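J.: can you look at this prediction? I've put the sequence above it.
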Amino acid sequence: MSQRKPYPSDVTDEQWALIGPFLDAWRARRVSVAGRHGEQDLREVVNAILYQSRTGCQWAYLPHDLPQKPVTYYYFAAWRDDGTDAAIHDLLRCQARERAGRREDPSAVAVDTQSIRAANHVPSATTGKDVGKKVSGRKRGLAVDALGLVIAVVVAAASVTDNAIGIRLLDKVAEHAPTVTHAWVDAGFKQDFAVHGAVLGVDIEVVKRSDTLPGFVPVKKRWIVEQAFGTLMLHRRLVREYEIRPESSVSRTLWASMATMVRRLTDTSTRTWRHR
C-alpha cells in the first residue's frame, strides 16, 4: 500500500488479510499475452471501490491519490462479470457466521424489497415505477440470514412485482445456500412465490404486522432484513440508483456488504459521516 494519508473507508491490514489472498489468487490465474500478471496494487483498487461506495462520488471525483476510473472500473467490472465479488462475499459470510457461533450455511432467510429512485442517466429500459410507493427507478431485493448477512441480491425495474423478484431471490438462495428450508416474508409475496418455494424445498412463512400501532413497528423475523437495508444505506452509492447496468448495482450491494462483514470479523468500525 502507498504511503498516502488513509481514508476512513480504507481496508486495514487485518481486513486486507481476509480479502487479499482471494484477489492475489485471481491475479495469478490471469496472465497477459506478454506473460505478465499485472502490476496494479489491488488493495488500492479495493480502497477506491469502497471509497466510492461509502461517499457516493462520481467516477471523475475519485481522489487523485487513489486509482482512477480506467483502472478501478476495469477491475470492478472484471470481478463483477466473472463472479469474483460474489465468491469472496460468500466466503466472508461463512467466516462471519462461524465467528458468531453459527454453522457455515444458514437454514432460514428473511426476504424483502426496497424501491430506489434512479438518477437521470440510468436507462429507462431497466427502470420502472413502483406505483404503490410512488418511486421511479429500480427495486432491490435482499435475502438475508438470521444475522442480517446477505445471501442473495436481485436488482430489477421498480415496476417488477415483489413476487417476481422473490422468485429470482429464491433461485439464488438455492444456488448459494442450498441448506435454507424456511423464509420469512411480508404480505407482498403471493401464491406464486410460495409455490416456487415449495418446489425448491423452502417453506414460506408470511409474517404480518399489527395495524393497531401507528408508524414503524419492528416485526418479528422480518426486522432483520429491514435492518440490513438500513445498514446498506450508510453506503451513499446505494441511496440512489446510479448504475447503468443492474448487474453493477448488485455488485455494489455485495461490496457494501463485504465492507460490513470485514469490520465484523476484525472488530473494527468506520467513522460515522455524521458531524459530532
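T.: Perfect, thanks for sending it. No experiment lies behind these values; they were computed from the predicted model shown. Residues are numbered from 1 along each chain as shown.
J.: and the longest helix for this structure?
T.: The longest helix of the chain (DSSP state H) is helix 246-266.
J.: what helices or strands is that one leaning on?
T.: helix 13-29, helix 42-55, helix 69-81, helix 84-99, strand 135-144, strand 150-157, helix 223-232 (3 or more CB pairs under 8 Å, 6 or more residues apart in numbering; DSSP states H and E). Placement of C-beta: from N, CA and C, glycine included.
J.: how close does residue 80 get to residue 68?
T.: As judged by CB to CB, to the nearest Å, residue 80 and residue 68 stand 18 Å apart.
J.: so these two - more neighbours on which side?
T.: residue 80 (19 against 13; other CB atoms under 10 Å).
J.: surely the more buried one touches residue 252?
T.: No - using CB atoms under 8 Å, residue 80 and residue 252 do not qualify as a contacting pair, with a distance of 9.1 Å.
J.: if we can go back for a sec, could you export the helices and strands packed on helix 246-266 as TSV, including mean pLDDT and distance to residue 246?
T.: As requested, these are exported to TSV (pLDDT from 0 to 100; distance: least, CB to CB, whole Å):
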stretch	mean pLDDT	distance to residue 246
helix 13-29	94	23
helix 42-55	96	17
helix 69-81	95	11
helix 84-99	96	14
strand 135-144	96	7
strand 150-157	97	4
helix 223-232	92	16
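J.: residue 206: which of the ones you listed is closest?
T.: Among those, helix 223-232 comes nearest to residue 206, with 13.8 Å by CB to CB.
J.: ok, residues contacting the closest one?
T.: Residues from elsewhere that reach helix 223-232 (CB atoms under 8 Å, 6 or more residues apart in numbering): 110-112, 114, 140, 142-144, 146-150, 218, 238, 253, 256-257, 260.
J.: out of those residues, which end up buried?
T.: The neighbour-count test (16 or more other CB atoms under 10 Å) marks 110-112, 114, 140, 142-144, 146-150, 238, 253, 256-257, 260 as buried among the contacts of helix 223-232.
J.: can you pull out the helices in the stretch 101-250 of the chain?
T.: Assigned by DSSP state H, counting those that start in this stretch, the helices in the stretch 101-250 of the chain fall at 162-176, 191-200, 223-232, 246-266.
J.: what packs against the first one?
T.: When contacts are defined as 3+ CB pairs under 8 Å, 6+ apart, helix 162-176 packs onto strand 108-117, strand 135-144, strand 150-157, strand 182-185, helix 191-200.
J.: just the CA trace of it, in PDB.
T.: C-alpha atoms of helix 162-176 as PDB (Å, rounded to 0.1, in the frame of the first residue of the first chain):
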ATOM      1  CA  ASP A 162     -42.200  -8.400  -5.300                       C
ATOM      2  CA  ASN A 163     -43.400 -11.900  -6.400                       C
ATOM      3  CA  ALA A 164     -41.200 -11.900  -9.500                       C
ATOM      4  CA  ILE A 165     -38.200 -10.600  -7.600                       C
ATOM      5  CA  GLY A 166     -38.800 -13.000  -4.700                       C
ATOM      6  CA  ILE A 167     -38.800 -16.000  -7.100                       C
ATOM      7  CA  ARG A 168     -35.400 -14.900  -8.500                       C
ATOM      8  CA  LEU A 169     -34.100 -14.500  -5.000                       C
ATOM      9  CA  LEU A 170     -35.200 -18.000  -4.000                       C
ATOM     10  CA  ASP A 171     -33.300 -19.300  -7.100                       C
ATOM     11  CA  LYS A 172     -30.200 -17.500  -5.900                       C
ATOM     12  CA  VAL A 173     -30.600 -18.700  -2.400                       C
ATOM     13  CA  ALA A 174     -30.900 -22.300  -3.600                       C
ATOM     14  CA  GLU A 175     -27.700 -21.700  -5.500                       C
ATOM     15  CA  HIS A 176     -25.600 -20.000  -2.800                       C
END
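J.: good, we can wrap up now.
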